[in-house]
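In: model this:
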Amino acid sequence: MRAVYDVMGIASECGFPYSTLSHLQSLNTILGSKQSDYTKAKVSAKPKVRSRSKRHLGITASERPAMTFQQELSSWWAPKGQEVAQAPSIGDKAPTVEKLQVNSGTSTIILFLRHCGCPFAEKTFLNLRETAKAHKNLDFIAVSHSSEEATNSWLKSLPQAGSEPSNLRIVVDDKSEIYAAWGLGPSSYAHVLSPSSMYEAWRLGKEEGIWNRPTESGSRWQTSGYFAVDSKGVVRWGGAAKRADDMPDFEEAARAAEIGIKDEAKL
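Out: Have a look, this model is predicted:
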C-alpha cells in the first residue's frame, strides 16, 4: 500500500526508532506490497543514532520499555467503535461524561492527548504542567487514550517526572469514550502525516530533544484537543486540533478561564 511506503520514508527522515522502521517494513511485507527503490534504500540502512540526553528522556535507553511488533502495528490502526459527537464551540455547554469529573465552582483546562509516545503530546503535556504550576486557582486535566499502564510508564519517562502540581490530574480513557463525547474521533492521513507535521516533529527533536518514544498502546490517528471550561460548565476557549503538531498556548487558555472567573464575580 502506498501509505505504508510514505510512512516508512517519512519516519526514517524524522528519526523514528529503528524498531519502528523494521516493524513497518514487516507490515509492508505482510500486505504483499512492493517497496519502491527509494524506500528500500532508506529502510535497509539503519538510521543514524542521534544523541539524546537523560535531561530530555528522563530514563536511559536500556530502561525504556521494549516495543513488540503487535504494539507497533496496532498503533497505526484508527480507533473504532465510538459514535463521535460534534466538538463543543466557545459558548457551548461542555459535554457531561461520567468518567470526566470536574470540580464544581472551579474553571478547568482540559487537554486530550494524541497518544503516549507522540513528541507533540509530550511537548503539549509539559507546557500544560508548567501552566498548572503558575495558575493554582485553576484545575487542569490531561486525558490519555493509552492504557493506564502505558500512560503511567510514559509519565515516568518524561523530564522532571513526578513534578505535577496538585491541581493537575491524569484521566485514562482507553476506550476513547470521553474523546468521542467531546467530538474527537479518528483523524485523516493529511492530519497525521502532512509535510508540515513531519518537519515539526524533526524540529522539535533537533531543537528541544523531544523525539518519538515507543507507543505501548493507543492510536496515532486519534485527534487531540484542548478546552477551557468555566465554573458554570461553559466552554470559554479551545477546540479540536487541526493538525498532529497543533500545540496550544495554555497561557491563553488560562487568561480565558480567568476572565470567566472575573465575569462571574461581577454577577
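In: please count neighbours and contacts with C-alpha atoms only from this point.
Out: OK.
In: avg pLDDT for the helix or strand where residue 236 lies?
Out: Residue 236 is part of strand 235-240, with elements assigned from DSSP states H and E. Strand 235-240 carries an average pLDDT of 96.
In: can you list contacts of it?
Out: Here strand 235-240 makes contact (Cα atoms under 8 Å, 6 or more residues apart in numbering) with 87-94, 183-184, 223-230, 253, 256-257, 260.
In: mind giving me the ChimeraX select for the residues you listed, buried ones only?
Out: In ChimeraX syntax, the buried subset of the contacts of strand 235-240 is picked out as below (16 or more other Cα atoms under 10 Å):
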select :87,88,89,90,94,183,184,223,224,225,226,227,228,229,230,253,256,257,260
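In: out of the contacts of strand 235-240, which sit inside strands?
Out: 225-229 (DSSP state E).
In: any low-confidence regions in the stretch 1-150 of the chain?
Out: 1-81 (pLDDT under 70).
In: swap the cut-off to 80 and go again
Out: Where the stretch 1-150 of the chain drops to pLDDT under 80, the residues are 1-82, 103-104.
In: who's in contact with the residue nearest to residue 179 when sequence neighbours are not counted?
Out: Spatial nearest neighbour of residue 179, excluding adjacent residues (Cα to Cα, 6 or more residues apart in numbering): residue 185 at 6.8 Å. If you count contacts by Cα under 8 Å, 6+ apart, residue 185 has them with 79, 84, 179, 222-223.
In: can you give me the strands in the stretch 51-200 of the chain?
Out: Assigned by DSSP state E, counting those that start in this stretch, the stretch 51-200 of the chain shows strands spanning 108-112, 139-144, 168-172.
In: and among those strands, the most buried is which?
Out: strand 108-112 (a mean of 27; mean count of other Cα atoms under 10 Å).
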